[in-house]
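[1] I would like to see how this sequence folds:
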Amino acid sequence: MNKFEQLGLSESLQRAIIDLGFENPTEVQEKAIPMLLEQDTDLVALAQTGTGKTAAFGFPLIQKIDANNRNTQALILSPTRELCLQITNEIKLYSKYEKGINVVAIYGGASITEQAREIKRGAQIIVATPGRMQDMINRGLVNIKGIDYCVLDEADEMLNMGFYEDIVSILSDTPEEKSTWLFSATMPAEVARIAKKFMENPQEITVGAKNSGSATVSHEFYLVNARDRYEALKRLADANPDIFSVVFCRTKRDTQQVAEKLIEDGYNAAALHGDLSQAQRDSVMKSFRGRQIQMLVATDVAARGIDVDNITHVVNYQLPDEIETYNHRSGRTGRAGKLGTSIVIVTKSELRKISSIERIIKQKFEEKTIPSGIEICEIQLLHLANKIKDTEVDHEIDNYLPAINNVLEGLSKEELIKKMVSVEFNRFINYYKKTRDLSAQSSGSERRERDDREPREFTNSGGAVRYFVNIGSRDNFDWMTLKDYLKETLDLGRDDVYKVDVKEGFSFFNTDPEHTDKVMETLNNVTLEGRRINVEISKNDGGGRRDHNGRSSGGGFGGERKSFGGGRSSGGGGFRSDRNAAPRSGGFGPKREGGFSDRAPREGGFGGRSEARSSSAPRREGGFAPRRTEGFSDRAPRRSEGSSDAPRERRPRKS
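    Alright, predicted model coming up:
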């Protein structure tokens with residue numbers, strides 16, 4: 001017996017449920033659906049991403065809609081256009097046997113005129129992003145003054161994206177007597193404020209502990225040096241041959257750079273961020289759902305609404321600025337009762353964030369070490385053997401067997417197996433036998449005892465290195481913006497750059513000694529509006545200032561350097577290096593369509609492109625390389641700053 005029958009849903013909805021293959025309601029559905037069907041009440045439902053919240057509000061909403069009334073009766077607000085479209089499609093599937101119910105999606109990036117036309121034809125349910133909804137209200141293209149139901153889906157994420165004012169304005173345009181249903185993964189202060197302001201004695205449903213993580217997701221962290229972050233990502237991909245993952249970066253620039261480097265190194269990867277056109281985003285998501293892309297590199301904003309089955313791993317290439325966002329990231333995997341893994345690549349300065357996340361999700365992280373080259377080769381070898389064993393034979397090859405047998409005549413079974421496996425294995429062993437251990441040294445007890453907020457020494461002896469750099473306030477920097485610029489350009493954590501002291505034409509800053517090589521190599525190869533940045537290790541010990549040649553000048557530098565100039569960098573952020581090509585997780589790495597790629601992961605840090613590809617990389621002699629599908633290698637223009645992926649439809653257009 002289908003357990004949905006016990007929730008009080010209509011016969012037509014139960015037919016749709018059978019068509020969709022739903023058998024047992026999730027916990028949030030089991031709690032919310034009967035309550036919403038039986039009562040006209042406000043509701044706050046806290047449940048993790050992937051727990052079936054759309055069906056929890058979608059089924060009762062459809063059953064309460066009057067199909068004979070063409071006026072708008074319900075509004076569903078969601079943070080992104082992807083999620084907006086996903087909810088719209090799901091509501092249409094749920095209501096397939098309900099005659100006369102129309103659902104319209106309105107979101108930025110599409111024709112506002114066409115969306116207004118669809119609403120005018122009659123839309124009982126509108127699914128909208130806050131920015132476009134506010135725009136249409138301002139233009140008088142939509143009327144929500146008589147709605148009966150308002151749903152705020154992923155409320156915490158909408159507020160994290162800066163939609164608080166839009167949401168307040170939209171809700172103020174709705175009747176007080178409506179029912180408001182708020183669904184959220186977490187309950188930050190702003191969500192509680194919305195609930196208090198616009199809801200009356202709401203019922204509350206909590207699935208699991210409040211703000212906790214999903215029980216089907218395991219959490220791991222890998223401690224590395226900042227310069228090894230990208231190489232660690234490649235090794236983790238190679239160590240999980242069947243990986244199907246979302247890789248999270250903080251900024252659009254980092255997202256694009258990491259995706260481009262993965263593609264160059266032969267992985268089936270793509271970027272998803274706000275600078276892509278809607279057509280590019282649709283193409284990327286189509287390829288990802290079809291598993292032609294196995295490593296989708298995304299910003300937090302762009303990833304909202306990704307509802308793809310069987311994602312095996314979420315990789316936090318960089319931890320989010322807001323710790324609560326981690327819950328949304330990890331919710332991409334471990335859905336529908338299946339197991340998933342959330343991986344964090346972390347540096348020593350970020351270790352305290354792991355403890356903060358543990359307190360929020362009420363789960364412990366397992367500290368692991370980056371696999372060695374030999375371990376990866378063993379994993380890949382066994383994966384290849386299993387892949388060969390499980391391959392179905394296409395008997396069209398029979399016509400070619402006589403010629404093949406002639407070529408292989410004289411080889412024993414053992415020799416044939418060795419040679420066949422070595423075709424792929426040699427590339428991995430030749431690369432990884434020369435690589436070094438990437439794991440930084442730290443223990444779990446050390447990370448919990450360490451407190452990075454302790455003041456550090458302001459000298460070049462001991463725990464910090466102080467630098468001179470030839471940019472300052474005349475370049476429109478203050479200490480905060482320069483700190484942000486440095487940590488983004490150097491790909492360092494928020495706490496890795498400190499003691500920032502900005503003067504008119506120059507500045508000082510500190511890092512830990514482990515970052516010195518990266519600072520010197522990276523910044524000395526960055527240009528700022530056409531001129532080269534110069535950074536040197538300062539002799540300043542925190543007392544009187546000294547110039548870069550060691551000349552004392554009391555309180556500051558006596559002269560100005562002629563190379564000073566203004567403005568921000570337009571894309572110089574990564575350091576150059578001739579990266580050695582290496583085997584990708586191709587033939588006996590992640591599953592590829594069509595065979596083995598001839599590309600390979602490279603050594604080296606992430607940043608600018610190398611001057612030339614090394615000729616030392618092992619290459620296949622043609623054949624069997626998968627063709628890339630259209631769309632996922634499209635590259636969006638880079639921005640000059642690594643700013644967060646702000647929503648495009650944030651500001652309403654003017655009439």
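[2] Any regions of this structure where pLDDT drops low?
    Filtered on pLDDT under 70, the chain yields the residue ranges 1-2, 49-50, 208-214, 305, 336-337, 433-434, 439-463, 494, 539-655.
[3] can you do 50?
    442-462, 541-655 (pLDDT under 50).
[4] I'd assumed residue 501 was in a strand, is it?
    Yes. Judged by DSSP: H, G, I helix; E, B strand; the rest coil, residue 501 forms part of a strand.
[5] Identify the spatial nearest neighbour of it, chain neighbours not counted.
    Excluding the flanking residues, the one nearest residue 501 by C-beta to C-beta, 6 or more residues apart in numbering is residue 508, at 4.4 Å. C-betas here are computed from N, CA, C, even on glycine.
[6] where does the one you found fall, phi/psi-wise?
    phi -130, psi 150 (degrees, to the nearest 10).
[7] Okay, and the beta partners of it?
    residue 468, residue 501 (DSSP bridges).
[8] and it, how many residues sit next to it?
    19 (other C-beta atoms under 10 Å).
[9] what's the spacing between it and residue 51?
    49 Å (C-beta to C-beta, to the nearest Å).
[10] One more: residue 19?
    Taken as C-beta to C-beta, the span from residue 19 to residue 51 is 21 Å.
[11] what does residue 253 give?
    Counting by C-beta to C-beta - residue 253 and residue 51 are separated by 33 Å.
[12] now swap in residue 150 and tell me
    21 Å.
[13] repeat for residue 220
    Taken as C-beta to C-beta, the span from residue 220 to residue 51 is 22 Å.
[14] The two: who's more crowded?
    Relative neighbour count places residue 51 above the other of residue 220 and residue 51, with 23 against 15, counting by other C-beta under 10 Å.
[15] State the helix or strand in which that one lies.
    Using DSSP states H and E, residue 51 sits in no helix or strand.
[16] try residue 423
    When elements are assigned from DSSP H and E, residue 423 belongs to helix 413-432.
[17] Can you give me the buried ones in that helix?
    Of all the residues in helix 413-432, those buried under the rule 16 or more other C-beta atoms under 10 Å are 421, 424, 425, 427, 428, 429, 431, 432.
[18] do the same with stretch 72-89
    Result for stretch 72-89 [16+ other C-beta under 10 Å]: buried residues 72-88.
[19] can you give me the helices for the stretch 201-350 of the chain?
    229-238, 252-264, 278-289, 300-303, 325-330 (DSSP state H, counting those that start in this stretch).
[20] Can you lay out those as CSV showing mean neighbour count and distance to residue 107?
    Shown next, in CSV, are the helices of the stretch 201-350 of the chain (neighbours: other C-beta atoms under 10 Å; distance: least, C-beta to C-beta, whole Å):
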stretch, mean neighbour count, distance to residue 107
helix 229-238, 25, 32
helix 252-264, 24, 19
helix 278-289, 18, 9
helix 300-303, 24, 13
helix 325-330, 24, 19
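[21] Just send those helices back as CSV, with distance to residue 359 too.
    Listed next are these as CSV, based on distance: least, C-beta to C-beta, whole Å:
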stretch, distance to residue 359
helix 229-238, 25
helix 252-264, 27
helix 278-289, 32
helix 300-303, 20
helix 325-330, 11
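[22] Let me know which of those is the nearest to residue 499.
    Of all those, it is helix 229-238 that lies closest to residue 499, at 23.4 Å by C-beta to C-beta.
[23] Using CSV, list the CA coordinates for that closest one.
    Below are the C-alpha coordinates for helix 229-238, written out as CSV (Å, rounded to 0.1, in the frame of the first residue of the first chain):
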residue,chain,number,x,y,z
ARG,A,229,44.9,23.0,-3.0
TYR,A,230,44.3,22.3,-6.7
GLU,A,231,46.7,19.3,-6.7
ALA,A,232,44.8,17.9,-3.8
LEU,A,233,41.6,18.3,-5.7
LYS,A,234,43.0,16.2,-8.6
ARG,A,235,44.3,13.5,-6.3
LEU,A,236,40.9,13.2,-4.6
ALA,A,237,39.2,12.9,-7.9
ASP,A,238,41.7,10.2,-9.0
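[24] could you give the angle of it to helix 413-432?
    Here helix 229-238 runs at an angle of 160 degrees relative to helix 413-432 (axes from the mean of the first three to the mean of the last three C-alpha atoms, to 10 degrees).
[25] which secondary structure elements does helix 229-238 contact?
    helix 252-264, strand 340-346, helix 373-390 (3 or more C-beta pairs under 8 Å, 6 or more residues apart in numbering; DSSP states H and E).
[26] how far does that helix sit from the chain's center?
    With C-alpha atoms, centre = their mean, to the nearest Å as the basis, helix 229-238 stands 16 Å off its chain's centre.
[27] gap between the two ends of stretch 302-316?
    15 Å (C-alpha to C-alpha, to the nearest Å).
[28] same deal with stretch 64-77?
    Stretch 64-77 has an end-to-end distance of 18 Å (criterion: C-alpha to C-alpha).
[29] cool, stretch 506-525 as well?
    Distance across stretch 506-525, first residue to last, is 17 Å (C-alpha to C-alpha).
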